[in-house]
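Dropping the sequence and predicted coords here.
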Amino acid sequence: MSELYGVSSADPLTFALIPVVLAVVSLGAVCIPAYQASTLDSTLALRGE
């Protein structure tokens, strides 16, 4: 039984596309905050504590 209508259980495009989409989303979720944190001045960030 398929959860997605019109997609078979052995669809190679789906099996190839889903990991790529998950990898892009997870990299974005990690890289964007890391980039923002790297642009902060470390002394100002530590002084705030």
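Okay, I see it.

what bits of this protein have low per-residue confidence?
Residues of the chain meeting the criterion pLDDT under 70: 1-2, 4, 48-49.

can you give me the helices in it?
Secondary structure of the chain (DSSP state H): helices at 12-38, 42-47.

so which of those helices comes closest to Glu3?
The closest approach between Glu3 and any of these, judged by C-beta to C-beta, belongs to helix 12-38 at 10.9 Å. (Each C-beta comes from the backbone N, C-alpha and C, glycine too.)

residues of that closest one that come out buried?
Buried residues in helix 12-38, defined by neighbour count with 16 or more other C-beta atoms under 10 Å: none.

where's that helix relative to the chain centroid, distance-wise?
In terms of C-alpha atoms, centre = their mean, to the nearest Å, the centre of helix 12-38 is set 3 Å apart from its chain centre.

could you say what helices and strands that helix packs with?
On a contact count with 3 or more C-beta pairs under 8 Å, 6 or more residues apart in numbering; DSSP states H and E, helix 12-38 meets no helix or strand.

CSV for the helices of the chain, including distance to Glu3?
Written out in CSV, the entries for those read as follows (distance: least, C-beta to C-beta, whole Å):
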stretch, distance to Glu3
helix 12-38, 11
helix 42-47, 45
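
and Tyr5, which of the ones you listed is closest to it?
It's helix 12-38; of the helices of the chain, that one is closest to Tyr5 (C-beta to C-beta) at 12.5 Å.

For Pro19, see how far away the residue most central in space within the chain is.
Note on the chain: the residue nearest the mean C-alpha position is Ser26, at 1.6 Å, using C-alpha atoms, centre = their mean. Using C-beta to C-beta, to the nearest Å, Ser26 is found at 10 Å from Pro19.

now swap in Leu27 and tell me
12 Å.

Over to Ile32?
Counting by C-beta to C-beta - Ile32 and Pro19 are separated by 20 Å.

And for Pro33?
Taking C-beta to C-beta, one finds Pro33 at 22 Å from Pro19.

again with Leu13
With C-beta to C-beta as the criterion, Leu13 and Pro19 are 12 Å apart.
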